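[1] Whatever this is, show me its structure:
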Amino acid sequence: MATYVYETIPAKPGDEVRRYEIRQSMKDAALTKHPETGEPIRRVITGGLGLIGVGSHGGPPPAPSRPKHGGGCSCCH
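    Now for the predicted structure:
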C-alpha cells in the first residue's frame, strides 16, 4: 500500500483547499471523491526522495581494482 496526497477541488475561487493523505494500492486508479465525505478531490503529484542506487544492491560503486601484475609498470601510474 502506498500513501498518496489528495486535495479538495475548490467550488469557487477563494474556497479553502484541504489536503489529505490516503493509503491505497498502487494498482488503484486515482480517487475523484473523498471516500468519507464525497467531496471532489484530486491527487497531488509530489517529489520523491530521488535515491538512485549504483552498484549491485543500491550501495556505493565498487572501488577501482588494482592491476594484477603488481602495478610497477608506467601504465598504472
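[2] Point out where this protein drops to low pLDDT.
    Within the chain, the segments meeting pLDDT under 70 span 48-77.
[3] can you pull out the strands in it?
    Taking DSSP state E to define them, one finds strands in the chain at 2-8, 19-24, 41-44.
[4] Give the partner strands of the last one in its sheet and their orientations.
    The sheet places strand 41-44 alongside strand 2-8 (antiparallel), with pairing taken from DSSP bridges.
[5] how big is the angle separating the strand it pairs with from strand 19-24?
    Relative orientation of strand 2-8 versus strand 19-24 (axes from the mean of the first three to the mean of the last three Cα atoms, to 10 degrees): 140 degrees.
[6] Touching strand 2-8 from outside, list them.
    Strand 2-8 has contacts (Cβ atoms under 8 Å, 6 or more residues apart in numbering) with 16-26, 30-31, 34, 39-44, 46. For glycine as for every other residue, the C-beta is placed from the backbone atoms N, C-alpha and C.
[7] With mean neighbour count as added columns, please give the strands of the chain in a markdown table.
    What follows is the strands of the chain, written out as a markdown table (neighbours: other Cβ atoms under 10 Å):
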| stretch | mean neighbour count |
| --- | --- |
| strand 2-8 | 14 |
| strand 19-24 | 13 |
| strand 41-44 | 16 |
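[8] Spit out the contact partners of the nearest residue to Ile9 once chain neighbours are set aside.
    Distances taken as Cβ to Cβ, 6 or more residues apart in numbering place Pro40 nearest to Ile9, at 4.5 Å, with adjacent residues excluded. Counting by Cβ under 8 Å, 6+ apart, Pro40 makes contact with 8-9, 32-34.
[9] I'd like to know the beta-bridge partner residues of Pro40.
    Bridge pairing for Pro40 - DSSP bridges - gives Lys33.
[10] Relative to Thr3, how far out is it?
    20 Å (Cβ to Cβ, to the nearest Å).
[11] again with Gln24
    8 Å.
[12] circling back to that earlier point, name only those of the contacts of Pro40 that count as buried.
    Thr8 (16 or more other Cβ atoms under 10 Å).
[13] No more questions from me, cheers.
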